[in-house]
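Chemist: Following is a predicted model, sequence given first.
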Amino acid sequence: MDNSILLLIVVALDFVLGDPPNWPHPIRWIGLSISRYEKIIRKSGLNLKLGGFILALLSLATVLTVSTLILKVTQLIHPLFETIIMIYLLYTSIAAKCLDVEAKKVHKAVYEKDIEKSRKMLSYLVGRDTSQLDFEEVIRGVVETVAENTIDGVLAPLFYMGIGFYFGVPVQFALGYKVINTLDSMVGYLQEPYIEIGYASAKLDDIANYIPARIGSLFMVLAGGLLGYNVKQGFKILIRDRRNHKSPNCGYPESAVAGLLKIQLGGTNTYFGQRVYKPTIGDEDTPLTAKHIINTIKIMYGAEFLMVVGFILMNI
C-alpha cells in the first residue's frame, strides 16, 4: 500500500476513533514496562542517574524489539495482516482526537462556570496543582497543554513516522519516539523523587523534540494564518518569546499560539508542592476566555493537516 494512503488512514482513524478506553493500547503497555523497570532500578541500589540511563535504554530496546517481532510474525501469517497491525500501531501513536476531547471537557466546565469541575478536568491533563486556580488560570493551563502537546502528541509522532516511512520502518520510529515521550512524562521532572532517575529521559526528550518543535511551531503559525488568526503577531511572538521557557522546546508552540491569539501564557504554577515561576510568553492584549481553548484546538488540527499535506507532497 502507498505510504501516503497509509498515513491518511492513520490520521483519519485518530480523528474518527480517538482513544477508546477499553481498546488495547501500546502506549499503556509502554507505561507499564517503564514503571516496572523503574521499580527494579530503584530497588537495585544503583546510582539513580546511571539507573536513569539504563531505564531509557531498556525501555527503548524492549519496545523496538517487540514491535519488530510483532511485524515479522504478522508478515509470516499474511502481508495484509501485517499492514493492518502496522496501521493500528501507527494510529495509537497520534493523540490529536484524545487531546481534543479532554480539552473540550475543561472548556465545557469553564463555559458552564463550574470552577471545581474545571479544576478537576484540567488536573487530568497537567502535572501542576489545580486546586486553587481561577477560571483564567485554568484556561491558561489548557491552552499551554494543547499547544505543547500539538508537538508531543501530534506533530512529532507524524514527523518520526514520516522519517520511518522513508527508511521502511515507520512503526519503530513512531513508537521509539513515544517511548521517549512517555519516559519524560513519567520520570522527566526536576523535582524529587525524579530529578536523578529522570535526567536521561528528560534530556533524550529534549533532543527528540528539538527539530519537531521548531518545524511544528512554523506549521502552527501557518495554520493559524489559514484560520484567520494574527499570523504576523504569531511570527513576532514566536521569534521573540520562543526561549521564555525552561524547556528548550516547549516555548516554541506556546509562543506560536500566544502570538496568533494575542494572549499571554506562562507565570507561576505549583508542581509537587513547589511553586515554579515560568517567564511570560506573549502580550496581554486579550483576556483569556473559553474560546481560546477551542481556537488552540483548531490550530492543532490545522498544523496536523499541513504536516500531512507536506509529507504527501514530498511523496514519503
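Modeler: Yep, it's here.
Chemist: host element of residue 73?
Modeler: Assessed by DSSP states H and E, residue 73 sits inside helix 48-77.
Chemist: So which elements touch the next helix or strand after that helix?
Modeler: Remark: after helix 48-77, the chain's next helix or strand is helix 79-91, criterion DSSP H and E. Using 3 or more Cβ pairs under 8 Å, 6 or more residues apart in numbering; DSSP states H and E as the contact test, the elements touching helix 79-91 are helix 3-17, helix 48-77, helix 170-187. For the C-beta atoms, the positions are set from N, CA and C on the backbone; glycine is no exception.
Chemist: Measure how the next helix or strand after helix 79-91 sits relative to helix 3-17, angle-wise.
Modeler: Moving toward the C-terminus from helix 79-91, the next helix or strand (DSSP H and E) is helix 96-111. Angular relation of helix 96-111 and helix 3-17 on a 0 to 180 degree scale: 30 degrees, by axes from the mean of the first three to the mean of the last three Cα atoms, to 10 degrees.
Chemist: buried stuff in helix 96-111?
Modeler: Judged by neighbour count (16 or more other Cβ atoms under 10 Å), helix 96-111 contains these buried residues: 96-100, 102-107, 109-110.
Chemist: so can I have a markdown table of those residues showing pLDDT and distance to residue 209?
Modeler: A markdown table is the format used below for the buried residues of helix 96-111 (pLDDT from 0 to 100; distance: Cβ to Cβ, whole Å):
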| residue | pLDDT | distance to residue 209 |
| --- | --- | --- |
| 96 | 98 | 17 |
| 97 | 98 | 21 |
| 98 | 96 | 19 |
| 99 | 98 | 16 |
| 100 | 98 | 21 |
| 102 | 98 | 21 |
| 103 | 98 | 20 |
| 104 | 98 | 25 |
| 105 | 98 | 26 |
| 106 | 98 | 24 |
| 107 | 98 | 26 |
| 109 | 98 | 30 |
| 110 | 97 | 29 |
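Chemist: Just give me the closest of the residues you listed to residue 149.
Modeler: residue 99 (5.3 Å; Cβ to Cβ).
Chemist: Please verify my assumption that the closest one contacts residue 149.
Modeler: Yes - with contact defined as Cβ atoms under 8 Å, residue 99 reaches residue 149; the gap is 5.3 Å.
Chemist: which neighbours do the two share?
Modeler: residue 300 (Cβ atoms under 8 Å, 6 or more residues apart in numbering).
Chemist: Enumerate every residue touching the closest residue to residue 154 other than its chain neighbours.
Modeler: Closest residue in space to residue 154, ignoring its immediate chain neighbours: residue 96 at 4.7 Å, by Cβ to Cβ, 6 or more residues apart in numbering. By Cβ under 8 Å, 6+ apart, the contact set of residue 96 is 11, 14-15, 153-154, 300-301, 304.
Chemist: Dump those to TSV, plus pLDDT and neighbour count.
Modeler: Formatted as TSV, the contacts of residue 96 follow (pLDDT from 0 to 100; neighbours: other Cβ atoms under 10 Å):
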residue	pLDDT	neighbour count
11	98	22
14	98	24
15	97	14
153	97	21
154	99	28
300	99	27
301	99	18
304	99	23
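Chemist: Assumed residue 268 was part of a helix.
Modeler: No - Residue 268: not assigned to a helix; according to DSSP: H, G, I helix; E, B strand; the rest coil it is strand.
Chemist: Quickly list what it is bridged to.
Modeler: residue 277 (DSSP bridges).
Chemist: what number of residues lie near it?
Modeler: 10 (other Cβ atoms under 10 Å).
Chemist: okay, it: pLDDT?
Modeler: At residue 268, the model reports a pLDDT of 71.
Chemist: Same question for residue 191.
Modeler: 82.
Chemist: Check which helix or strand it maps to.
Modeler: Using DSSP H and E, no helix or strand contains residue 191.
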